Structures are given as structure tokens and as C-alpha cells.
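> fold the following for me, if possible:
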Amino acid sequence: MFTFTLETILDSLILAKGRGVEVLAVLEREQEANQQAYEILLAAGVEVRKDNNSGLMHSKFAVIDDLVVITGSYNWTKSADTINDENLLVIVSHQIAVAFDQEFGRVWEISS
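This is a model prediction of the structure:
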């Protein structure tokens, strides 16, 4: 995620982790606003890493159960939720979810 400060999504990920759901996250390293979400997720036992690519990791997507992809320009921030003109697309497709999951795996492997 490029910018992640929206507490409702943060809380949902932590609750999912508490239910035994595998939750992995990669946050853009250069985005100082991500530091608090990073620390909260880490303290809750969520596997979270910071992106290590040479540019900005501007990807904004989630893969759920190898079936659902949530993607778009929408950053996980209060501004995106209440002020900005941003878009969010929910795709229900195993084939597309696998493709996004492969991209996540690539990003995960180069992140720390």
C-alpha cells in the first residue's frame, strides 16, 4: 500500500489476524505516514514489511482468499475515504487474484 492511515482497515486486518487469517502487508518505505500503521500491525503480530524498490511502490491492492482483488487509486487513508476523488474496484476472479498474488509475492520477496 502506498499510504495506509485509515484506522478502520487497520483494525479489520488485526481482527482478521486474531481469527487466524494469514495477513501480510507491504507498505511504501518513503511514506512517513505509514510508520504508525507499520508499528501497530507489527505489534499485533501481522507480518508487515517495508518496500525496498528503487522508486515508489505506488501499488494499492489487496488479495483475499485467492478469489477477490481490491484495487484502484484508493489509498487507505481518511482523505481517500472522505475528501479525495479516488476509485476502488472489487474483482471476483480466481485467475485475476492469482496474478495479483504473484505480484504481491514479488514485492514481498524484495521487501524487509
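> I'd like the distance between the residue of the chain most remote from its centre and T77.
Within the chain, the residue lying farthest from the chain centre (C-alpha atoms, centre = their mean) is I83, at 20.2 Å. Plainly put, I83 is 9 Å away from T77 if you go by C-beta to C-beta, to the nearest Å. From N, CA and C alone the C-beta is placed, and that goes for glycine too.
> now the strands for this protein?
Secondary structure of the chain by DSSP state E: the strands cover 24-27, 47-50, 61-64, 68-71, 89-92.
> select, out of the ones you listed, the one closest to V98.
Shortest distance between V98 and the strands of the chain, using C-beta to C-beta, is found for strand 61-64: 8.7 Å.
> from the chain's centre, how far out does the closest one sit?
Computed by C-alpha atoms, centre = their mean, to the nearest Å, the chain-centroid distance of strand 61-64 equals 7 Å.
> output it as PDB - backbone C-alpha positions only.
Extracted in PDB, the C-alpha atoms of strand 61-64 (Å, rounded to 0.1, in the frame of the first residue of the first chain):
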ATOM      1  CA  PHE A  61      -4.300  -3.600  -3.800                       C
ATOM      2  CA  ALA A  62      -5.400  -6.500  -1.600                       C
ATOM      3  CA  VAL A  63      -5.900 -10.100  -2.400                       C
ATOM      4  CA  ILE A  64      -8.500 -12.000  -0.300                       C
END
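> show me what that strand is packed against.
strand 68-71, helix 94-109 (3 or more C-beta pairs under 8 Å, 6 or more residues apart in numbering; DSSP states H and E).
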